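Enquirer: Pasting the sequence and the predicted model now:
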Amino acid sequence: MTQPIVTILIPTYNRHLFLREAVQSAVDQTYRNLEILILDDASPDATAHIAAEFSQDPRVRYIRHADNVGIAENWRVGIETAAGEYFCLLHDDDTIEPSFIEKMLPPLREDSNIILSFCDHWVMNEHGKRDLGLSDRASVQFKRSLLQPGRIGDWATESLVDSTVPVGATLFRKNMVPADFIDIRAKGAIDAWLFYRCVKTGHAAYYIQDRLMNYRLHGGGMSRSSVLYMNEGHVFRNQEILADPNMSALHSQIRELLSASLAHQGVYLLKENKQNAARAALRRSLTLHKTRRNVLAYGLACCGPIGSTVARVVHSG
């Protein structure tokens with residue numbers, strides 16, 4: 001059998017400290033028929049210089065946006081540009097094991113109904129050292145420890161509720177995952193949105209139990225620096241699922257997730273002294289699902305500037 005082209009997309013922004021390791025892990029794949037696209041979202045740092053280090057490898061191509069377009073649009077451009085029959089999204093601060101593509105590809109080639117394959121992953125620190133305890137806890141937290149390797153016919157709950165499928169440890173079949181699956185309204189939750197679109201196709205997923213990706217924990221992740229951007233994306237995705245009658249079996253759980261996203265958003269706005277916006281988000285959260293956290297947060301949001309001060313103190317503690 002001929003070897004199909006597999007595209008490794010590396011969307012990046014201002015992450016030159018880790019980018020070299022990410023690209024090197026793509027270059028070092030045992031599966032060789034690759035296209036590697038470095039998608040630079042107008043980084044002001046040394047990203048272009050890092051990319052230039054790999055310019056002698058004909059499989060590597062550097063694409064730079066003239067202006068910052070955001071993570072969702074950067075992903076869309078990457079998927080649209082990819083020449084491969086299959087593609088993966090490698091975060092610019094993570095790495096993949098040399099056998100990642102070699103092990104993830106066969107299930108997709110052997111079963112035409114599989115839209116994606118995914119695996120477990122390691123957790124490593126800022127310096128690239130793996131932490132076995134954190135890795136095991138992540139497998140339990142996201143319920144991958146409960147999965148049997150192989151084809152997962154009904155994977156809606158795993159991907160849309162439990163966040164079992166990590167996008168950086170996933171290989172997609174491109175003709176089933178077109179670029180228009182990306183919606184910029186999903187913002188920082190574009191991975192969660194992409195899985196929703198994949199579930200809606202009705203195609204199956206395949207789980208490989210090996211840890212073939214390394215997820216890096218560090219202080220510069222988007223979840224820390226762009227809280228509102230991520231929460232607005234999760235709110236959008238969960239609202240869309242609740243409006244989808246074909247997803248009615250998940251509506252009860254998604255309602256709780258939407259409530260939690262709105263509560264998180266409300267607390268963030270409260271700490272930013274935006275009491276009116278905070279009250280609106282927390283009020284919506286309460287109508288969906290009441291918890292001790294959103295009740296207390298709504299009470300603080302009704303206390304004006306004092307409530308914002310208390311929220312900041314509690315959060316910092």
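Expert: Ah, there it is. Numbering: from 1, shown residues only.

Enquirer: Okay, and the beta partners of Arg173?
Expert: Counting by DSSP bridges, Arg173 is bridged to Tyr86.

Enquirer: And it, how close does it get to Arg283?
Expert: For Arg173, the distance to Arg283 (CB to CB, to the nearest Å) stands at 42 Å. In short, each C-beta sits where N, CA and C put it, glycine included.

Enquirer: With neighbour numbers in mind, choose between these two.
Expert: Arg173 (19 against 15; other CB atoms under 10 Å).

Enquirer: what's downstream of the helix or strand of the chain with the lowest mean pLDDT, the next helix or strand?
Expert: Least confident helix or strand of the chain, by mean pLDDT, DSSP states H and E, is helix 222-225 with a mean of 48. As assigned by DSSP states H and E, the chain's next helix or strand after helix 222-225 is helix 227-242.

Enquirer: same for that next one, what does it pack against?
Expert: helix 190-200, helix 222-225, helix 251-271 (3 or more CB pairs under 8 Å, 6 or more residues apart in numbering; DSSP states H and E).

Enquirer: chain center to the helix or strand that the last one is followed by: distance?
Expert: Which is helix 251-271. Heading C-terminal from helix 251-271, the first helix or strand you meet, by DSSP H and E, is helix 275-288. How far helix 275-288 lies from its chain's middle: 26 Å, per CA atoms, centre = their mean, to the nearest Å.

Enquirer: who touches helix 275-288?
Expert: For helix 275-288, contacts defined as CB atoms under 8 Å, 6 or more residues apart in numbering pick out 255-256, 258-260, 262-263, 265-267, 269-270, 294-295, 297-298, 301-302, 304-305, 307-308.

Enquirer: Need the contact partners of stretch 298-309.
Expert: 266, 270-273, 275, 278-279, 282-283, 285-286, 310-311.

Enquirer: Skip the chain neighbours and tell me the closest residue to Arg185.
Expert: Phe236 (5.0 Å; CB to CB, 6 or more residues apart in numbering).
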